[in-house]
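Visitor: can't give you the sequence, but here's the structure:
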Ligand code: PHE
């Protein structure tokens, strides 16, 4: 029986030392020292020993049982330590890893073009000023020398919010607001939104213009032509030409519409310029003396020019966008391309 006890103890020891987890260890505990364990079986066989050997063997059994319990506790601590270390390892944060990149979006093509236009005019000495989108008839029409029966005032062109209150149809309102506040010399541009009741592939009910106003002594049409030429070459490249066609605006005299040679075919004629070789860019002219008089600027002393360019059209030409409405549909697949 002594030999058997030694065998059982050795086996228990090696199995306990190799136990991989707590459930395995609990099984070994009941296998070796639990109620139905091997040691208990030996305990029950004590009675088969000669009387004088029984106390000695009982003692040995108890010692073996305590030792096995001790081995189990040691192994339990080891297993817990290993599990804890593994946990630490798997939950560890590598602070040297690069962060995940967040999509931060990008600027709208209109904003991009506006910024580029502003940069060019700022480099030519212009100040950038802003005016309100909601205007009165005085700034949008009266002060711009537009007669009361002018068709542009009509409800079918202009969005009226109230009797005298409207969404500005042009950034020329900022000419008036600037001349109300400042005497010449004036050299400003004013980019912003405008609103007209029209909607097709080349017109949107909300669109963008950049207005320019230069007033000083001795300003003439050549200055106007030169500044527009410079701007166009900076914006679209040296090969681009400008052309001025006589036109009418109530607040400029003489007035012109400005075209640039087609940025795609350079004047040969293509689908972008509809075969004409030219693209319309906006209106321009010398400030009408009537406007100066209304704003208490001496028309004998000062002259000035003004122009208004279509920003949406410039963006369409620059980025090859076929339909103006795409600019305002907010389709992410479209906007992501800029
Ligand atoms: N405001 C005019 C328009 O919207 C353009 C323009 C601006 C013309 C300045 C002349 C001078 O059509």
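Guide: Nice, thanks for sending it over. Only a predicted model underlies this, so the values are computations on that prediction, with no experimental measurement involved.
Visitor: helices or strands up against the stretch of helix or strand residue 12 belongs to?
Guide: Under the criterion of DSSP states H and E, residue 12 resides in helix 2-18. Applying 3 or more CB pairs under 8 Å, 6 or more residues apart in numbering; DSSP states H and E, one finds that helix 2-18 makes contact with helix 22-32, helix 38-44, helix 54-91. Any C-beta I mention is one placed from the backbone N, CA and C, and that applies to glycine too.
Visitor: how about these, which one is nearest residue 190?
Guide: With respect to residue 190, and counting by CB to CB, the nearest of the helices and strands packed on helix 2-18 is helix 54-91 at 58.1 Å.
Visitor: got the buried residues for the helix or strand just after that closest one?
Guide: Sequence-wise, the next helix or strand beyond helix 54-91 is helix 109-123, with elements assigned using DSSP H and E. Neighbour-count burial for helix 109-123 flags 109, 110, 113, 114, 117, 120, 121 (criterion: 16 or more other CB atoms under 10 Å).
Visitor: what do you get for stretch 163-170?
Guide: Of the residues in stretch 163-170, those scored as buried under the neighbour-count criterion (16+ other CB under 10 Å) are 166, 167, 168, 169, 170.
Visitor: rewinding a little: could the helices and strands packed on helix 2-18 go into TSV alongside mean pLDDT and mean neighbour count?
Guide: Conversion of the helices and strands packed on helix 2-18 to TSV gives the following (pLDDT from 0 to 100; neighbours: other CB atoms under 10 Å):
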stretch	mean pLDDT	mean neighbour count
helix 22-32	90	16
helix 38-44	83	16
helix 54-91	90	13
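Visitor: the ones you listed: which one's closest to the ligand?
Guide: Comparison of the helices and strands packed on helix 2-18 against the ligand by CB to the nearest ligand atom identifies helix 54-91 as nearest, at 64.3 Å.
Visitor: that closest one vs helix 22-32, what angle?
Guide: The directions of helix 54-91 and helix 22-32 differ by 170 degrees, with axes from the mean of the first three to the mean of the last three CA atoms, to 10 degrees as the criterion.
Visitor: quick check: angle from helix 54-91 to helix 2-18?
Guide: 10 degrees.
Visitor: now helix 54-91, how far from the centre of its chain.
Guide: 61 Å (CA atoms, centre = their mean, to the nearest Å).
Visitor: quick one: residues contacting residue 141.
Guide: By CB atoms under 8 Å, 6 or more residues apart in numbering, the contact set of residue 141 is 150, 152, 153.
Visitor: out of these, which is nearest to residue 207?
Guide: The nearest member of these to residue 207, counting by CB to CB, is residue 152 at 14.9 Å.
Visitor: rewinding a little: format the helices and strands packed on helix 2-18 as CSV; extra columns: distance to the ligand.
Guide: Listed next are those as CSV, based on distance: least, CB to the nearest ligand atom, whole Å:
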stretch, distance to the ligand
helix 22-32, 82
helix 38-44, 102
helix 54-91, 64
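Visitor: make JSON lines out of these and add distance to residue 286.
Guide: Putting the helices and strands packed on helix 2-18 into JSON lines (distance: least, CB to CB, whole Å) gives the following:
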{"stretch": "helix 22-32", "distance to residue 286": "94"}
{"stretch": "helix 38-44", "distance to residue 286": "114"}
{"stretch": "helix 54-91", "distance to residue 286": "75"}
